[in-house]
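Asker: task: produce atomic coordinates for the following.
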Amino acid sequence: MRPTEDDEFVHTPEDDPDWQENLYFSGLAPGHRAAFEVHVAHFPHRGYVHVAATVGLGGRLVSHIVERPAANFVSVPRLDVEAIEPLRKLRLRYSGQGYDGSPMVQGEGLVPFGMDLKMSSPVAPLTTDDQNAEFSWADGRYELGADWTGTLWCGSNRVAAQGLGVRDHSWGVRSVVVDAYWWLPMYFPDPPTFISGLTVLQGGRWRGTCAVSDSDGVRQSGEPWVRPDGIPLPGAYRSATVVHHPPSERDPAFLTEAYRVAMRLPHMTRSDEDFILYDMLSTARCGTQKGYCHFQFGAPEGSPLLTAFLPQFRPEEEGMST
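Answerer: Predicted structure coming up:
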């Protein structure tokens with residue numbers, strides 16, 4: 001599937017009770033010690049929209065998870081996703097009351113937080129529809145790298161910043177049939193290059209795909225191999241190396257964590273088991289290029305891989321790395 005401009009907007013639900021529509025945004029401005037992450041999921045057959053959001057400033061991470069009765073993501077209070085120029089420019093505004101730490105607990109807090117951002121994507125969106133369908137991820141999906149500028153706030157701290165980010169939009173029947181996965185969208189601004197890889201553990205076998213979008217167009221780039229450095233030592237999961245196959249396609253990408261976020265998402269499987277995501281919002285280096293990577297490990301909540309692969313997650317360690 002090649003996304004059209006219409007795909008930036010709300011999709012019509014199907015009759016399947018597992019149909020849903022998801023939006024994902026994240027970004028980093030290391031010079032400002034600033035980061036954000038927002039996941040929006042519309043469950044039309046359940047009658048609500050689920051929002052998990054977080055903002056990090058100056059070492060403090062403020063988050064919440066809320067469920068709002070809504071017909072679609074356009075009608076969610078305090079959330080505004082405006083396609084200024086479909087598949088190119090978008091404005092994201094969100095505000096709420098949060099708690100300190102990652103968005104792992106449903107509910108609000110007492111700390112005001114939010115964002116008002118403009119995201120601009122200079123290269124074409126990527127799709128991996130063959131993999132999405134095979135793993136029951138979604139019927140339609142696209143991803144974009146972006147430059148962003150705007151304002152982030154949490155508590156009394158408010159910062160005007162600019163940085164790099166990624167965004168993702170998917171829709172369709174979602175009943176994920178994987179044991180675990182790595183997702184690693186990377187954006188490099190000079191020259192504009194967006195790379196997205198998906199490596200999945202399914203039935204004891206690791207499989208994956210990788211795609212690249214740059215001035216030469218969109219193309220597949222072999223399967224990415226991910227080597228997180230430090231696992232399984234507690235607290236040591238702060239860097240990784242991404243190798244593309246064949247190796248001659250492009251240099252390895254070296255990731256260094258700037259921010260860490262854990263996130264709980266519901267209704268990703270037919271058993272309704274929550275997925276736990278571990279996100280490393282990272283600076284990335286690939287040859288002479290420097291950019292951003294949203295490096296994500298995900299697994300069902302009951303999976304032993306969450307403890308085997310990931311460090312102990314202590315609230316006092318969440319937020320900016322030192």
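Asker: so which elements touch the longest strand seen in the chain?
Answerer: Scanning the chain for the strand with the most residues, using DSSP state E, yields strand 157-173. Using 3 or more CB pairs under 8 Å, 6 or more residues apart in numbering; DSSP states H and E, the elements in contact with strand 157-173 are strand 19-29, strand 34-43, strand 140-154, strand 180-189, strand 289-300. Heads up, the C-betas are built off the backbone N, CA and C, glycines and all.
Asker: for the second one, packing partners?
Answerer: Spelled out, it's strand 34-43. Strand 34-43 sits against strand 19-29, strand 48-57, strand 111-120, strand 157-173, strand 253-265, strand 275-286, with contacts defined as 3+ CB pairs under 8 Å, 6+ apart.
Asker: and those strands: which comes nearest residue 82?
Answerer: Evaluated over the helices and strands packed on strand 34-43, closeness to residue 82 peaks at strand 111-120, with 9.4 Å, by CB to CB.
Asker: let me know the average pLDDT across that closest one.
Answerer: Averaged over strand 111-120, pLDDT sits at 98.
Asker: ok, stretch 203-216 next?
Answerer: Averaged across stretch 203-216, the pLDDT comes to 84.
Asker: ok, stretch 40-49 next?
Answerer: Along stretch 40-49, the predicted local confidence has a mean pLDDT of 95.
Asker: and it, what's buried?
Answerer: Within stretch 40-49, the residues scored as buried using 16 or more other CB atoms under 10 Å are 40, 41, 42, 43, 44, 48, 49.
Asker: just confirm the fourth one contacts residue 50, I think it does.
Answerer: By that I understand residue 43. Yes - in this structure residue 43 lies within contact range of residue 50 using CB atoms under 8 Å: 6.8 Å.
Asker: least confident secondary structure element in this protein?
Answerer: Lowest by mean pLDDT, DSSP states H and E among the helices and strands of the chain is strand 319-320, with a mean of 44.
Asker: can I take it that residue 11 is in a strand?
Answerer: No - going by DSSP: H, G, I helix; E, B strand; the rest coil, the assignment for residue 11 is coil, not a strand.
Asker: show me what contacts it?
Answerer: Residues touching residue 11, when contacts are defined by CB atoms under 8 Å, 6 or more residues apart in numbering, comprise 21, 140, 171.
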